[in-house]
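Chemist: Sequence and predicted model, in that order:
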Amino acid sequence: MYKIFYLLLPLAMSLSAQINPLHVRLDIYSNVSFITKGFEINNQKNISLKLPAQISLENISIKAKNCVVNDITLSNPKSFENQKINKLTQKINKINNQIISLQETNDILKTISLKDKKVVNISKMIDYFSKNFMQNTQKLSVLKIELKKANERLKMLQNQEARKYKAFEAHATCRDKEIIQITYPESNFKIWHFYDIKANSDTMTLSLIKKIKIIQKTGEDFDDLDIYSHSNAYNQAIAPVPFYPKYLNFHQKRNFLMKKSMPMAMDSVTAQRNTIYKENLTTSSFVALHVSIKNNQEKIVELSKETKNIKFENDIDGYGSSRAYLKVNFKSGRFYRRARAFIYLDNNQVGARALPNIKKGSKTDIYFGENQNIKIKKTLLKRFNESEFFGNNQINTQIWKYKVTNISKIAQKINLIERLPISQNEKIKVEPLFDTKKAKIDKKGKVIWSFNLAPNETKTIKFGYETKKPKK
């Protein structure tokens with residue numbers, strides 16, 4: 001028995017011809033998304049599909065083992081018949097007819113004269129009039145409210161941009177029963193990446209949960225969708241910049257033509273869980289299997305959860321606000337794309353921030369806001385400018401004192417960070433005025449004192465420097 005398979009918008013097809021695909025996959029790159037659908041073809045079949053209006057034939061990839069697909073055509077854009085508008089219009093017409101009928105009935109009831117000789121029992125007639133007139137009036141009130149809502153809904157639908165499609169036609173000839181996979185770009189999926197980062201001070205663990213929010217308006221309901229979220233952009237930085245000789249005193253412009261590459265073909269995945277992390281030869285991807293998402297529905301899908309053992313510490317930005325910020329430091333076992341992160345500490349959301357790319361194996365700092373249990377007092381001890389009496393230098397001296405106190409009931413690790421000026425001119429000299437053996441100083445001038453504070457313990461640190469530069 002031959003089967004006809006439809007890729008998009010099954011609502012526009014006849015119910016008798018609708019057959020669900022064997023497999024549907026959504027590949028998400030940072031700049032585009034692709035839908036891949038697998039269908040079973042027995043011997044020969046003409047395939048008719050409705051595809052997004054913005055694509056062309058070269059955007060469509062067909063993978064058909066032991067099958068020949070020919071006579072492929074793609075029509076010009078066509079408009080969908082909006083069934084929602086049609087149904088709503090029919091409903092509005094029906095309500096209007098009911099309102100007219102009830103109004104006419106009430107008008108007839110009003111014309112009944114109490115002086116009519118044919119009226120035998122006036123009291124029964126009055127009861128009949130009151131009962132029916134009031135019931136009709138109540139029905140009219142309900143119908144008018146319903147009519148108002150329906151008209152508002154109709155206006156909203158009519159104001160929406162009319163969706164279009166292209167009709168795809170092809171003939172497939174296969175050896176016995178085979179699977180044909182068709183891949184095409186799909187712009188009707190709107191996707192937002194974000195993270196939930198949750199630290200637990202009882203278990204001393206950090207959970208990094210990768211999620212996506214999807215809104216799809218393809219016109220189709222997906223009941224068993226496999227989602228692949230890739231770490232890279234599609235068709236970006238495929239190869240190094242072309243090499244050309246470098247000639248002195250000569251420059252020649254060259255125009256480069258960017259070639260289109262075909263979408264990645266569907267591969268087979270066997271998994272016992274609903275979420276998978278895959279490392280490919282050059283990239284990585286997060287996979288969520290068997291996802292259900294309806295048309296015009298917003299849904300959040302969890303793609304990954306990585307849990308790490310952690311230790312809390314505090315960074316004091318002496319060069320800035322001089323406040324202590326609680327943080328954890330960990331090495332990720334996965335690559336994460338930059339996205340917005342929602343930060344939780346012991347199930348309380350403390351804030352949100354943009355999270356940069358996290359590379360596998362690299363150290364990453366996550367901050368959880370100000371730690372008010374660390375009290376910092378910064379005092380300026382000296383700020384002095386003077387000129388050498390014998391010499392041509394201008395001398396600037398600055399010295400501060402830090403007093404750091406742990407007012408919590410637990411021990412705290414502290415990193416006090418300051419900034420030492422870096423001279424980029426050999427005539428300008430910078431001399432530290434503190435014990436450099438007790439601090440770490442990097443090439444960028446970052447100075448760090450790391451120490452532990454017991455409950456109610458206080459530590460005092462002096463920091464300063466002297467700069468010498470020629471007088472102007």
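Modeler: Sure, I can see it.

Chemist: Please count neighbours and contacts with C-alpha atoms only from this point.
Modeler: OK.

Chemist: Backbone torsions only: list them for residue 90.
Modeler: phi -60, psi -40 (degrees, to the nearest 10).

Chemist: May I have the predicted confidence score for it?
Modeler: On pLDDT, residue 90 comes in at 86.

Chemist: Same question for the one 10 residues further on.
Modeler: Looking at residue 100, its pLDDT reads 87.

Chemist: SS state for it?
Modeler: helix (DSSP: H, G, I helix; E, B strand; the rest coil).

Chemist: same check, this time on the one 3 residues further on
Modeler: For residue 103, the assignment made with three-state DSSP gives helix.

Chemist: now it: how far from residue 186?
Modeler: Using Cα to Cα, to the nearest Å, one gets 50 Å for the distance from residue 103 to residue 186.

Chemist: Residue 371 too?
Modeler: Residue 371 sits 46 Å away from residue 186 when distances are taken as Cα to Cα.

Chemist: For those two, indicate the residue with more neighbours.
Modeler: residue 186 (22 against 17; other Cα atoms under 10 Å).

Chemist: who are the neighbours in contact with that one?
Modeler: Residue 186 sits next to 32, 33, 34, 35, 52 when contact means Cα atoms under 8 Å, 6 or more residues apart in numbering.

Chemist: any idea which of those is least confident?
Modeler: Least confident entry in these, by pLDDT: residue 52, with 86.

Chemist: circling back: which member of the contacts of residue 186 is positioned nearest residue 397?
Modeler: Nearest to residue 397, judged by Cα to Cα, of the contacts of residue 186 is residue 32 at 56.2 Å.

Chemist: what's the closest residue to the closest one other than its chain neighbours sitting at in phi/psi?
Modeler: Leaving aside its sequence neighbours, residue 32 sits nearest to residue 234 (Cα to Cα, 6 or more residues apart in numbering; 6.7 Å). The phi/psi pair for residue 234 (degrees, to the nearest 10) reads phi -80, psi 130.

Chemist: Now stretch 214-227: buried residues?
Modeler: Neighbour counts over stretch 214-227 (16 or more other Cα atoms under 10 Å) mark 214-222, 224-227 as buried.

Chemist: what does stretch 460-471 give?
Modeler: By 16+ other Cα under 10 Å, the buried positions in stretch 460-471 come out as 462, 463, 464, 465, 466, 467, 468, 469.

Chemist: So which of these are in strands?
Modeler: Judged by DSSP state E, strands contain the following of those: 462, 463, 464, 465, 466, 467, 468, 469.

Chemist: Tell me, what's the model's pLDDT at the fourth one?
Modeler: According to the predicted model, the pLDDT of residue 465 comes to 95.

Chemist: Which strand residues bridge it?
Modeler: Counting by DSSP bridges, residue 465 is bridged to residue 398, residue 432.

Chemist: for residue 352, same thing?
Modeler: Using DSSP bridges, the beta-bridge partners of residue 352 come out as residue 342.

Chemist: Now for it: which residues touch it?
Modeler: Residue 352 touches 340, 341, 342, 343, counting by Cα under 8 Å, 6+ apart.

Chemist: so what pLDDT did it get?
Modeler: At residue 352 the predicted local confidence, pLDDT, stands at 94.

Chemist: same question, residue 367
Modeler: Looking at residue 367, the pLDDT reads 95.

Chemist: got it, and the one 3 residues further on?
Modeler: Residue 370 carries a pLDDT value of 95.

Chemist: Also residue 388?
Modeler: Note for residue 388: predicted pLDDT of 58.

Chemist: repeat for the one 5 residues further on
Modeler: The model reports residue 393 with a pLDDT of 76.

Chemist: ok, the residue lying closest to it once chain neighbours are set aside - contacts?
Modeler: If the residues on either side of it in the chain are set aside, residue 393 comes closest to residue 470, at 4.4 Å by Cα to Cα, 6+ apart. Listed by Cα under 8 Å, 6+ apart, the contact set of residue 470 reads 392, 393, 394, 427, 428.

Chemist: quick one: residue 470 from residue 219, how far?
Modeler: Taken as Cα to Cα, the span from residue 470 to residue 219 is 73 Å.

Chemist: returning to that earlier point: possible to save the contacts of residue 352 as CSV with neighbour count?
Modeler: Shown next, in CSV, are the contacts of residue 352 (neighbours: other Cα atoms under 10 Å):
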residue, neighbour count
340, 16
341, 21
342, 18
343, 22
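
Chemist: of these, closest to residue 375?
Modeler: residue 343 (23.3 Å).

Chemist: ranges for the helices of the protein?
Modeler: Under the criterion DSSP state H, the chain contains helices at 83-111, 122-159.

Chemist: The shortest one: which residues count as buried?
Modeler: Okay, so that is helix 83-111. In helix 83-111, residues buried by neighbour count (16+ other Cα under 10 Å) are 85, 88, 91, 92, 95, 99, 102, 103, 106.

Chemist: Which members of the residues you listed are the farthest-apart pair?
Modeler: With Cα to Cα as the measure, no two of these lie farther apart than 85 and 106, at 31.5 Å.

Chemist: coming back round to it: now, the contacts of residue 186 that are in strands?
Modeler: Among the contacts of residue 186, the members falling in strands (DSSP E) are 33, 34, 35, 52.

Chemist: what's the neighbour count on the first one?
Modeler: Close neighbours of residue 33, defined as other Cα under 10 Å, add up to 23.

Chemist: residue contacts, the closest residue to residue 327 other than its chain neighbours?
Modeler: For residue 327, ignoring the flanking residues on the chain, the nearest one in space by Cα to Cα, 6+ apart is residue 367 at 4.2 Å. Residues near residue 367 by Cα under 8 Å, 6+ apart: 325, 326, 327, 328.

Chemist: Now tabulate those in TSV and tack on distance to residue 409.
Modeler: Listed next are the contacts of residue 367 as TSV, based on distance: Cα to Cα, whole Å:
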residue	distance to residue 409
325	17
326	15
327	18
328	19
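
Chemist: If any of those residues are buried, give me the ChimeraX selection for them.
Modeler: Applying 16+ other Cα under 10 Å to the contacts of residue 367 leaves a buried subset, and the ChimeraX line that selects it is:
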select :325,326,327,328
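
Chemist: Could you list which of the contacts of residue 367 belong to strands?
Modeler: Of the positions in the contacts of residue 367, 325, 326, 327, 328 sit in strands, assigned by DSSP E.

Chemist: How about the contacts made by the last one?
Modeler: It stands for residue 328. 310, 311, 312, 313, 365, 366, 367.

Chemist: Of these, just say which sits nearest to residue 421.
Modeler: Using Cα to Cα, residue 365 is the member of the contacts of residue 328 that lies nearest residue 421, at 24.6 Å.

Chemist: gap between the nearest residue to that closest one once chain neighbours are set aside and residue 45?
Modeler: Spatial nearest neighbour of residue 365, chain neighbours left out: residue 329 (4.7 Å); criterion: Cα to Cα, 6+ apart. Using Cα to Cα, we find residue 329 at a distance of 58 Å from residue 45.

Chemist: in the sheet, who's paired with residue 208?
Modeler: In this entry, residue 208 is beta-bridged to residue 197, residue 306, by DSSP bridges.

Chemist: Which residue lies nearest the spatial centre of the chain?
Modeler: Residue closest to the mean C-alpha point of the chain, counted by Cα atoms, centre = their mean, is residue 192 at 1.5 Å.
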